[in-house]
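**Q** just a sequence and a predicted model for now, questions to come.
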Amino acid sequence: MTHSTTRSRWPGLIFLFVTAVGWALNWPAMKVLLKQWPPLFSRGVAGVAAALLLGAIATAIGENTRISRQVMPRVVLAACTNVFAWMGFSTLSMKWLSVSEGALLVYTMPVWAMLLAWPIQSRRPTRRGFAALALALAGVVVLLGGHGIAFDAGKLAGIGFALSAAVLFALGTVVARTAVPVAPVTLVAWQVGIGCVPMVIAGLLFEHPDFAALKANGWAVLVYMALVPMGVCYLAWFATLRYLPPEVASIGMLLVPIMGIVAAAIALGEPLGAREAAAMALTLSGVGLALRRPDAPSRGE
């Protein structure tokens, strides 16, 4: 790597760090908000506000914010998997799981994408891929099995929602084989809006939020969720991809669950000991292995 290439990557690394920190802090922040408002309604309100903000930014920078009818089905599919399932189900899982449990389960997504590519794209996993699966699952077993394997109904629901978020996001990634021909900020605004409006509706119909229950720290978290994870971080992520290869940026995002778990331990007093450290090392090693792109296929792979 030349000196100029190294220097040109520095902005990408800075944008990547901003993205990772913003998304990581959102995990313990969600736990604070869920004590006052229900999960779907909370995430939906923050998402709709973020979509309006992103739409205003897209207009300000001169993007065409209209989407053609031909492209809209792909945008809706992406909104269902990348927003409604990913954001909605991961937030629901936080009702029953700790940040360490939820974050590690959700960030197994690249492993499921590798497995789903087998039947959908006829891309059989390599030996490295199966090793990645084994490492990731071993980490999950270490984390969830620390207090025995018997789970109550709430714990099972949390695990189910977290894994559903990971698998459905992975499915959306595998199915969307080509980029949607829409300007980047506009695309995120539409996806977040389409994915979050149903959360608000479902929250009003089934969760019955108490509007008066939101305290000052709850309002602060709600504003943070709208501005930072769904606003600043998405813009920083697109900036990251202008400087770094996608596989490098994706591996760098493994910082998110690590920083989220540490932040939850500091801010919420959640456990962070040898078991959590071992689970992080195993699971994230597996995810990193799944994300790694080999330079050339080896024999037997």
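**A** Perfect, thanks for sending it. Residues are numbered from 1 along each chain as shown.
**Q** which one's the longest helix in the chain?
**A** Under DSSP state H, the helix in the chain containing the largest number of residues is helix 3-33.
**Q** show me what it is packed up against.
**A** Packed against helix 3-33 by the contact rule (3 or more Cβ pairs under 8 Å, 6 or more residues apart in numbering; DSSP states H and E) you find helix 39-60, helix 99-106, helix 216-227, helix 233-243, helix 246-252, helix 255-268. In this view, the C-beta of every residue, glycine as well, is placed from N, C-alpha and C.
**Q** please name the nearest non-neighbouring residue to the residue most central in space within the chain.
**A** Central residue of the chain (Cα atoms, centre = their mean): residue 86, 6.2 Å from the mean position. Distance criterion Cβ to Cβ, 6 or more residues apart in numbering; nearest residue to residue 86, sequence neighbours excluded, is residue 169 at 4.4 Å.
**Q** residues contacting that neighbour?
**A** Neighbour list for residue 169: 81-82, 85-86, 109 [criterion: Cβ atoms under 8 Å, 6 or more residues apart in numbering].
**Q** relative to residue 107, how far out is the residue nearest to the centre of the chain?
**A** Look at residue 86 and residue 107: by Cβ to Cβ, to the nearest Å, they are 11 Å apart.
**Q** quick check, residue 78 in contact with residue 191.
**A** Yes. Between residue 78 and residue 191 a contact is recorded at 5.4 Å, counting by Cβ atoms under 8 Å.
**Q** please save the CA atoms from the helix or strand of the chain with the lowest mean pLDDT in PDB.
**A** When the helices and strands of the chain are scored by mean pLDDT, DSSP states H and E, helix 246-252 comes last with a mean of 76. What follows is the C-alpha trace of helix 246-252 in PDB, where atoms were taken according to Å, rounded to 0.1, in the frame of the first residue of the first chain:
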ATOM      1  CA  PRO A 246     -17.100  -2.600   1.300                       C
ATOM      2  CA  GLU A 247     -15.400  -5.700   2.900                       C
ATOM      3  CA  VAL A 248     -13.100  -3.500   5.000                       C
ATOM      4  CA  ALA A 249     -15.900  -1.300   6.100                       C
ATOM      5  CA  SER A 250     -18.100  -4.300   6.900                       C
ATOM      6  CA  ILE A 251     -15.400  -5.900   9.100                       C
ATOM      7  CA  GLY A 252     -14.800  -2.500  10.800                       C
END
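**Q** narrow the contacts of residue 169 to those in strands?
**A** Among these, none falls in strands (DSSP state E).
**Q** looking at the helices and strands packed on helix 3-33, which is closest to residue 125?
**A** With Cβ to Cβ as the criterion, residue 125 lies closest to helix 246-252 of the helices and strands packed on helix 3-33, at 16.5 Å.
**Q** who's in contact with the closest one?
**A** So helix 246-252 is in contact with 12-13, 16, 20, 110, 237, 240-241, 244, 288, 291-293, going by Cβ under 8 Å, 6+ apart.
**Q** residues of it that come out buried?
**A** Buried residues in helix 246-252, defined by neighbour count with 16 or more other Cβ atoms under 10 Å: 248-252.
**Q** tell me what angle the helix or strand containing residue 282 forms with helix 99-106.
**A** Element membership for residue 282, per DSSP states H and E: helix 274-291. Here helix 274-291 runs at an angle of 20 degrees relative to helix 99-106 (axes from the mean of the first three to the mean of the last three Cα atoms, to 10 degrees).
**Q** how far is helix 274-291 from where the chain is centred?
**A** 16 Å (Cα atoms, centre = their mean, to the nearest Å).
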